[in-house]
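[1] here is my input; please provide its structure:
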Amino acid sequence: IIFALIERAQFHQNNIIYEKGGFPNLGTPAGVRETDEELSFLKFMLLGTEALHCGVRRYTSPEENAFFPHQLPPGPLEALPDLDYPVILSENAAKVNFNPILLKKYIQKIVPSISKPGDDEQYGSSCLADVILLQALSKRVHYGKFVAESKYRANPEAYQKLVDQNDADGVMDLLTNSEVERLVLRRARLKAATYGREPLLTASFQIEEISSEKTSLVAAAAASAVVAAVEAMEENGDRGKVDPAVIESVYRDIIIPLTKDIEVAYLFQRCGKDPPPQFAPDRMSTDV
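    Numbering: from 1, shown residues only. As a prediction, the model looks like this:
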């Protein structure tokens, strides 16, 4: 995700690719069910990509969720045999698809935060970067269904009781692990700072002669040195290709909350109830 964010950031926002009718007469992508809808260039590219990937069984995997499932071909190519996936999620798991709000937040929040305003006419490259990034983001946030299933199995009585009481806030509190979230944000910022600039070559460790007992200590010391160097460069105004604080905010304000919304929605489905309206797939519960 971080590499994909950095890749998209090299192009301007190019808002015309998100506008319906921005490029007239696009038609319908190959393999997609015919529609009279006027498509944006992004939807044309994303829908066409999903139709192609549908044919090679991408969306038979429980890890994958299409952005436009109702417009895709009825199934994979007949030449390909079916794949047998282990049954881990509940039978209603496919109903938990938060790609509508993810796509909206991507266009409204993420792109403006990482890309320069304006138009550089790199429409195809921008769209390809968008498609790769959106698919990566979708897979990341929908892993929340697997996380939620694991948490449910560890404490089914507690989750069932909260769901029976329609206590969505209680479910959210029970599944939240603030320390894990803090570490995720820390790693995201450090990786963004590291990947978004030339490699740090200020120190060289001769690890060949270090004993295995000391390896972990050396690794910890090296990591601390990198963190210190990155923080020093940020303080001096060197923020690399993308400001690491912006990458951190994408995780803090969109990826983590959306993952948790998916967990809550899945747990309600898992316990036999529809989730409350604030956990519908067309919004985020943190939206006011």
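
[2] how about the strands in the stretch 1-150 of the chain?
    For the stretch 1-150 of the chain, no strands turn up when DSSP state E, counting those that start in this stretch is the criterion.

[3] for it, which segments count as helices?
    Residue ranges of the helices in the stretch 1-150 of the chain, as given by DSSP state H, counting those that start in this stretch, are 2-9, 41-55, 99-105, 111-114, 123-142, 144-154.

[4] the second one - contacts with which helices or strands?
    In terms of contacts (3 or more C-beta pairs under 8 Å, 6 or more residues apart in numbering; DSSP states H and E), helix 41-55 is packed against helix 123-142. From N, CA and C alone the C-beta is placed, and that goes for glycine too.

[5] same deal with the last one?
    With contacts defined as 3+ C-beta pairs under 8 Å, 6+ apart, helix 144-154 has these neighbours: helix 168-175, helix 256-270.

[6] also the longest one?
    Contact partners of helix 123-142 among helices and strands, from 3+ C-beta pairs under 8 Å, 6+ apart: helix 2-9, helix 41-55, helix 99-105, helix 256-270.

[7] pLDDT of it, averaged?
    Across helix 123-142, pLDDT averages out at 98.

[8] could we number from 16 for the rest of this?
    Sure, I'll start counting at 16 from here, so that last one is helix 138-157.

[9] quick check, distance from it to the centre of its chain.
    Taking the mean C-alpha point of helix 138-157 and that of its whole chain, the gap between them comes to 9 Å (C-alpha atoms, centre = their mean, to the nearest Å).

[10] kindly report the same for stretch 292-303.
    For stretch 292-303, the gap between its own C-alpha mean and the chain's C-alpha mean amounts to 17 Å (C-alpha atoms, centre = their mean).

[11] what of stretch 259-271?
    11 Å.

[12] and for it, what's in contact with it?
    Contacts made with stretch 259-271 from outside it, assessed by C-beta atoms under 8 Å, 6 or more residues apart in numbering, are listed as 16-17, 20, 117, 120, 124-125, 128-129, 152, 155-156, 196, 199-200, 203-208, 211, 245, 249, 254, 299, 301.

[13] just the buried ones from those?
    Applying 16 or more other C-beta atoms under 10 Å to the contacts of stretch 259-271, the neighbour count classes 16-17, 20, 117, 120, 125, 128-129, 152, 155-156, 196, 199-200, 203-208, 211, 245, 249, 254, 299 as buried.

[14] before we move on, back to that, out of the helices and strands packed on helix 159-169, deepest packed?
    For the helices and strands packed on helix 159-169, the stretch with the most neighbours on average is helix 271-285, a mean of 24; neighbours defined as mean count of other C-beta atoms under 10 Å.

[15] pLDDT (mean, whole number) over that helix?
    97.

[16] for stretch 66-75, same thing?
    With pLDDT averaged residue by residue, stretch 66-75 scores 95.

[17] tell me which residues in it are buried?
    So for stretch 66-75, counting by 16+ other C-beta under 10 Å, buried means Ala66, Leu67, His68, Cys69, Gly70, Arg72, Arg73, Tyr74.

[18] list the contacts of that stretch.
    Applying C-beta under 8 Å, 6+ apart, the set of residues contacting stretch 66-75 is 44-47, 65, 79-81, 84, 86-88, 90-92, 95, 97-98, 100.

[19] pull the CA atoms of it into CSV?
    Backbone C-alpha positions of stretch 66-75 (Å, rounded to 0.1, in the frame of the first residue of the first chain) are rendered in CSV as follows:
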residue,chain,number,x,y,z
ALA,A,66,-14.1,-8.1,-15.5
LEU,A,67,-10.7,-9.5,-16.7
HIS,A,68,-9.7,-10.7,-13.2
CYS,A,69,-13.1,-12.2,-12.7
GLY,A,70,-12.5,-14.5,-15.6
VAL,A,71,-9.3,-15.9,-13.9
ARG,A,72,-11.1,-16.6,-10.6
ARG,A,73,-9.9,-13.6,-8.6
TYR,A,74,-13.3,-13.1,-7.0
THR,A,75,-13.9,-16.7,-6.1
